[in-house]
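> need a structure here:
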Amino acid sequence: MNRLLVGALALALGAIPVSAQSLEDLNIQIHGYATQGFLYTNQNNVFTTTSSNGSAAWNEAVINISSAPISKLRVGVQGRYFILGNYGNTITLDWAQADYKFNDKLGVRVGKVKTPFGLFNEIQDIDPSYMFALLPQGPYSIASRNSQLSEYGGVVYGTLNGHKLGKLEYRGWDGVRSVTKDDGNFLAQRESGTTLPNGLSGAAIGAALHYRTPIDGLMIGASDLYVYQKSCVIVNTPTTGSGQTTNNGTETVSPFSQPFFFSKYEHGKIMAAAEAWKSTAKQSVALTGKPVSINATANVAWYVMATYKVTGKLTAGAYQTQEFNHNAKLGPSRYLKDWVASGRYDFNQYLYAKAEEHFIKGTETDFDATLNPNGLKPTTNLTILKFGFSF
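Presented below is the predicted three-dimensional model:
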């Protein structure tokens, strides 16, 4: 499907009478960035890295090309190379879309489009645009970024101006979400010997409202993402035991929704934001000759964050996030609480560095069994250093 989208965009560009236009007229822009990250934990390895020994296995390179061949139309594509421990090490298509804006009240995007849920999903693929090395991992998981960022379909968007009452920005979308076989959500399954050769995909719809209030800099909003039932083929080869045999089967994820509620305030040197969300999922696995197993999660989470621009080049910030799976057994695996202190320094318009300290309680996300064979400790301190170049 990626090839079809890229081909369609190329065909759309080819249909424009380029011979009558110069490259400058087409308004072609090329942007991108590259980052190198370093992780160190005092205990517990995170993100499939050997972080307790210090790990530099976190690299990312992104490039996007866009053009405005005719008035009101912009087309573009973005590719990404990514590796984080055992995640990634591949080139993927972030998005490829055609965007036609009729006026301020109505615009349409089609192709592989960003899914505009929550506060940061539309910009989480642009590392230079925010100060934190890691966004709150509940809604913006680095291990599942490719799957969460975009979907194949379309978005309708616009702004309704209420003048003294503020502005209301709306987004509505419909499409197909694809979760790749190496997505972080499937880590525990892969380690137990179950793989999804073709990944998991299904139809999804959603809507978002952003209300720019009459209070200068204050926005409040909400979004909801609804995912229809999805099924896929799975292959299970147990990783332990004797007389191992390979079984085929089916994995089914029941329909679920993910409501988000958020607010953001920006004024002068200050930015403050908060977000809360809920996610429930029911997953059933049916292997040949074996009883059906069911796993259900009920996650509730939130975060609050703030940043302050200390100087023209230095920004400081902090956030706290908490997430609870109310269907999990009591103990550290039921929750994740993360206090974060962060700083960013921009050497110039191209080079920047981020330094971040995480004080984590609980093991509900981001930890894997294989790289922690002696079991997980209930607390983890995580230090992150990240260097970036953008153009």
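
> Need the nearest residue in space to residue 266, chain neighbours excluded.
Once flanking residues are discounted, residue 266 sits nearest to residue 217: 4.6 Å by Cβ to Cβ, 6 or more residues apart in numbering. Just so you know, the C-beta spots here come from the backbone N, C-alpha and C atoms, and that holds for glycine as well.

> Settle this for me: that neighbour is touching residue 263, isn't it.
No: using Cβ atoms under 8 Å, residue 217 makes no contact with residue 263, being 11.0 Å away.

> First-to-last residue distance for stretch 238-250?
Chord length of stretch 238-250, first to last residue, is 16 Å (Cα to Cα, to the nearest Å).

> rewinding a little: looking at residue 217 and residue 263, which is more packed in?
A count of neighbours by other Cβ atoms under 10 Å puts residue 263 above the other of residue 217 and residue 263, at 19 against 14.

> Helix, strand, or coil at that one?
Under the three-state scheme (DSSP: H, G, I helix; E, B strand; the rest coil), residue 263 adopts strand.

> Surely it touches residue 221?
Yes: assessed by Cβ under 8 Å, residue 263 is found in contact with residue 221 at 7.2 Å.

> Enumerate the positions of stretch 309-316 that are buried.
309, 315 (16 or more other Cβ atoms under 10 Å).

> Show me what it is in contact with.
Outside of stretch 309-316, the residues within contact range by Cβ atoms under 8 Å, 6 or more residues apart in numbering are 131, 269, 270, 307, 308, 342, 343, 344, 345, 346, 347.

> Quick check: mean pLDDT of it?
Mean pLDDT, stretch 309-316: 98.

> Please shift the residue numbers so they start at 56 in all later answers.
I'll keep to 56 as the first residue from here, and by that count the last item is stretch 364-371.

> okay, it in PDB with CA atoms only?
Taking C-alpha atoms only, stretch 364-371 is exported to PDB below (Å, rounded to 0.1, in the frame of the first residue of the first chain):
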ATOM      1  CA  LYS A 364      12.600  29.500  28.200                       C
ATOM      2  CA  VAL A 365      15.500  30.500  30.500                       C
ATOM      3  CA  THR A 366      17.500  32.300  27.800                       C
ATOM      4  CA  GLY A 367      17.400  32.500  24.000                       C
ATOM      5  CA  LYS A 368      19.200  29.200  23.700                       C
ATOM      6  CA  LEU A 369      18.300  27.300  27.000                       C
ATOM      7  CA  THR A 370      14.900  25.900  27.900                       C
ATOM      8  CA  ALA A 371      14.000  23.900  31.000                       C
END
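
> Residue 124 sits in which helix or strand?
Using DSSP states H and E, residue 124 sits in strand 110-125.

> dump the residue contacts of residue 97.
107, 435, 436.

> Assign the first one to helix, strand or coil.
Reducing the assignment to helix, strand or coil with three-state DSSP, the entry for residue 107 is helix.

> out of the contacts of residue 97, which one sits closest to residue 290?
Nearest to residue 290 among these, counting by Cβ to Cβ, is residue 107 at 31.7 Å.

> which residues touch the closest one?
Contacts of residue 107 by Cβ under 8 Å, 6+ apart are 95, 96, 97, 98, 99, 100.
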